[in-house]
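Asks: Generate coordinates for the sequence data below:
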Amino acid sequence: MTISFDRVRSILFDERASGVLTEIPPDLYVKVHEEIELMYKELYDSGDPLSDRSQDMIRQVESFKSYIQEIFSIRTGRIIELALAKGNGDTIDREVRRMMIAEEQALFDSVAKAVQHARAELIDPRSRKPTLIVETEIPEHEEEAEDDVAPRGLSLIRLIAPIEPFMGIDGRTYALQNEDVIYLPSPNATVLCDRNIALNIRIRK
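Replies: Purely as a prediction, here's the structure:
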């Protein structure tokens, strides 16, 4: 079953007037392309492209193409705006997402993730906490879980920037140099990693 010219025009008018995404048939684009193909076939079979009927069909085909292109442009513009908002931390109502067909949801997710990544790189660089993973062998008789390899309350870090001597929350004074690898009290280690002075090291079995 194809879709009528009047139905496509009605969808376009609703989309123009609403100011927000409206619900469209999930197979709208497929149905429009099918209808256009049928009209092209009828034009070819008519044998007289200059007849009034053929000329009317040619104009209708062009209108179909124009209408579906405008529907696409309006909707993708709104979806990209929503994705930008999502990427910048706003919450998008589920009802709005329900108005998107599958391909539009994929576009929304792709743009939102790209914005989130760019924001992390450019606006919130301190949110990036690179982790150095060290592969090491643990004797089979030791039954510690991977997360329990480090002594309790301590974190293993590697210094990547100079730092003045400081006192840890354990009361010890630490005089460290760049590239030192050391266990520190976890709160101190977290501060150094947040300030991009150190990298957190996870020891993996």
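Asks: In this structure, where's the longest helix?
Replies: Using DSSP state H to define each element, the chain has its longest helix at helix 52-87.
Asks: Can you list the buried residues in stretch 190-205?
Replies: The neighbour-count check on stretch 190-205 (16 or more other Cβ atoms under 10 Å) flags 190, 192-193, 197-201 as buried. (Glycine included, C-beta is placed from N, CA and C.)
Asks: Between those residues, which has the least confident prediction?
Replies: Per-residue confidence across the buried residues of stretch 190-205 is lowest for residue 201, with 80 (pLDDT).
Asks: for the host helix or strand of it, packing partners?
Replies: Element membership of residue 201 [criterion: DSSP states H and E] is strand 198-204. Contacting strand 198-204 under the criterion 3 or more Cβ pairs under 8 Å, 6 or more residues apart in numbering; DSSP states H and E are the following elements: strand 131-135, strand 154-159, helix 186-194.
Asks: If we use 10 Å, what do you get?
Replies: In terms of contacts (3 or more Cβ pairs under 10 Å, 6 or more residues apart in numbering; DSSP states H and E), strand 198-204 is packed against strand 131-135, strand 154-159, strand 181-185, helix 186-194.
Asks: what does the third one contact?
Replies: I take that to be strand 181-185. The list of residues contacting strand 181-185 from outside it, by Cβ atoms under 10 Å, 6 or more residues apart in numbering, reads 132, 134, 150-151, 153-159, 166, 168-172, 174, 176, 189-193, 198-199, 201.
Asks: quick revisit: ok and the strand holding residue 201 relative to strand 154-159, angle-wise?
Replies: Taking axes from the mean of the first three to the mean of the last three Cα atoms, to 10 degrees, strand 198-204 and strand 154-159 form an angle of 130 degrees between their directions.
Asks: Which residue comes closest to the residue most central in space within the chain once chain neighbours are left out?
Replies: To find the centre residue of the chain, average its C-alpha atoms and take the closest one (Cα atoms, centre = their mean): that gives residue 113, at 2.1 Å. Counting by Cβ to Cβ, 6 or more residues apart in numbering, residue 113 lies nearest to residue 87, which is 7.4 Å off, once chain neighbours are set aside.
Asks: what about the one you found, how many neighbours?
Replies: 17 (other Cβ atoms under 10 Å).
Asks: if I pick it, what's in contact with it?
Replies: Residue 87 makes contact with 111-119, according to Cβ under 10 Å, 6+ apart.
Asks: Residue 23 versus that one, what's the distance?
Replies: Here the criterion is Cβ to Cβ, to the nearest Å. By it, residue 87 lies 24 Å from residue 23.
Asks: okay, now residue 81: neighbour count?
Replies: One way to gauge burial is a neighbour count; for residue 81, by other Cβ under 10 Å, it gives 11.
Asks: before we move on, the earlier item: nearest to residue 18, out of the helices and strands packed on strand 198-204?
Replies: With Cβ to Cβ as the criterion, residue 18 lies closest to helix 186-194 of the helices and strands packed on strand 198-204, at 45.3 Å.
Asks: Sounds good, over and out.
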